[in-house]
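Trainee: task: produce atomic coordinates for the following.
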Amino acid sequence: MTDLDQRSYFFDEGIRFECRRCGDCCTGDPGIVRVNEREIECIAAYLGTPISAVVETFIYSWEDGHSIKEASDGRCLFFEDGCRIYPARPTQCRTFPFWFANLRSEARWKKIRHQCPGIGTGHLYSKADILAILSRSSDRRP
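Mentor: Reported below is the predicted structural model:
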């Protein structure tokens, strides 16, 4: 990522973000929330539930890994009046909205900003912070 921090981005001055735990990113349109074995173990430990029960109830195989199941309305099965696993949520959830797909253009970021009330509030993430988050999330393997 070292060559990436030499480039100019629309977020060079940083971006404020604080998760409002509103669930807008957990509900609505269907999506894929990748989870790896370590994350499944963390979720099971947090819930105090056997791993096998978590996998059977909440997880399905997807490509070369796993994803969290959704309800028929597109809602993550862990979202019920808030995220039931917030402290143990997967990396993909932890790194939202700082995903490559959201940061690849200012136009895309503006669209996401209108969907997420936490963008523009709270902690100021510097360009270096954002690039570090992108690096961690891109290194993640299901």
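
Trainee: count the residues that sit near residue 72.
Mentor: The number of residues packed near residue 72 is 6, by other Cβ atoms under 10 Å. To be clear about C-beta, it is placed using only N, CA and C from the backbone, and glycine gets the same treatment.

Trainee: how far off centre is the helix or strand that contains residue 133?
Mentor: Residue 133 is part of helix 127-139 when elements are defined by DSSP states H and E. From the chain centre to the centre of helix 127-139 is a distance of 13 Å (Cα atoms, centre = their mean, to the nearest Å).

Trainee: got the CA positions of that helix in PDB?
Mentor: C-alpha atoms of helix 127-139 as PDB (Å, rounded to 0.1, in the frame of the first residue of the first chain):
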ATOM      1  CA  LYS A 127      -5.800   9.300   5.000                       C
ATOM      2  CA  ALA A 128      -3.300   7.000   6.600                       C
ATOM      3  CA  ASP A 129      -6.000   5.500   8.900                       C
ATOM      4  CA  ILE A 130      -8.200   4.900   5.900                       C
ATOM      5  CA  LEU A 131      -5.400   3.300   3.800                       C
ATOM      6  CA  ALA A 132      -4.500   1.100   6.800                       C
ATOM      7  CA  ILE A 133      -8.100  -0.100   7.100                       C
ATOM      8  CA  LEU A 134      -8.200  -0.800   3.300                       C
ATOM      9  CA  SER A 135      -5.000  -2.800   3.600                       C
ATOM     10  CA  ARG A 136      -6.300  -4.900   6.500                       C
ATOM     11  CA  SER A 137      -9.600  -5.600   4.800                       C
ATOM     12  CA  SER A 138      -8.000  -6.500   1.500                       C
ATOM     13  CA  ASP A 139      -5.500  -8.900   3.200                       C
END
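
Trainee: that's all I had, so thanks and see you.
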